[in-house]
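**Q** Give me a model of this one.
(one chain, ligands or ions: 1)
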Amino acid sequence: METTFDLQCPFCGETIVLDFYPEDGKHQEMITDCEVCCQPIQFDVRFDRDGEASITAERAQ
Ligand SMILES: [Zn+2]
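**A** Residues are numbered from 1 along each chain as shown. Alright, predicted model coming up:
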């Protein structure tokens, strides 16, 4: 199963590679700073019952 995801920083557009695992929960939220522009990004991860992930990256408040 694919657990590595290429995501995009909503501030600078840089590609960010992160690992998410369905064992950690069907709905996960994480805030991490972009390595390039250092802005806080909020990731919202949802796994469906097949283990397919849908991930959104938003600017953290
Ligand atoms: Zn960035």
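
**Q** can we go C-alpha only for contacts and neighbour counts from here?
**A** Fine.

**Q** What segments of the protein are strands?
**A** 4-8, 15-19, 27-33, 40-47, 53-59 (DSSP state E).

**Q** Of these, flag the one that's most buried.
**A** Each of the strands of the chain was given a mean neighbour count from mean count of other CA atoms under 10 Å, and the largest, a mean of 19, is that of strand 40-47.

**Q** Which elements pack onto that strand?
**A** Where contact means 3 or more CA pairs under 8 Å, 6 or more residues apart in numbering; DSSP states H and E, strand 40-47 is packed against strand 27-33, strand 53-59.

**Q** picking up where we left off before, pipe the strands of the chain into JSON lines and attach mean pLDDT per row.
**A** Shown next, in JSON lines, are the strands of the chain (pLDDT from 0 to 100):
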{"stretch": "strand 4-8", "mean pLDDT": "96"}
{"stretch": "strand 15-19", "mean pLDDT": "96"}
{"stretch": "strand 27-33", "mean pLDDT": "96"}
{"stretch": "strand 40-47", "mean pLDDT": "97"}
{"stretch": "strand 53-59", "mean pLDDT": "97"}
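
**Q** would you list those strands in a markdown table and tack on distance to the ion?
**A** Shown next, in a markdown table, are these (distance: least, CA to the ion, whole Å):
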| stretch | distance to the ion |
| --- | --- |
| strand 4-8 | 8 |
| strand 15-19 | 8 |
| strand 27-33 | 8 |
| strand 40-47 | 8 |
| strand 53-59 | 10 |
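
**Q** So what sits opposite residue 47 in the bridge?
**A** residue 53 (DSSP bridges).

**Q** do you know how far it is from residue 34?
**A** Look at residue 47 and residue 34: by CA to CA, to the nearest Å, they are 23 Å apart.
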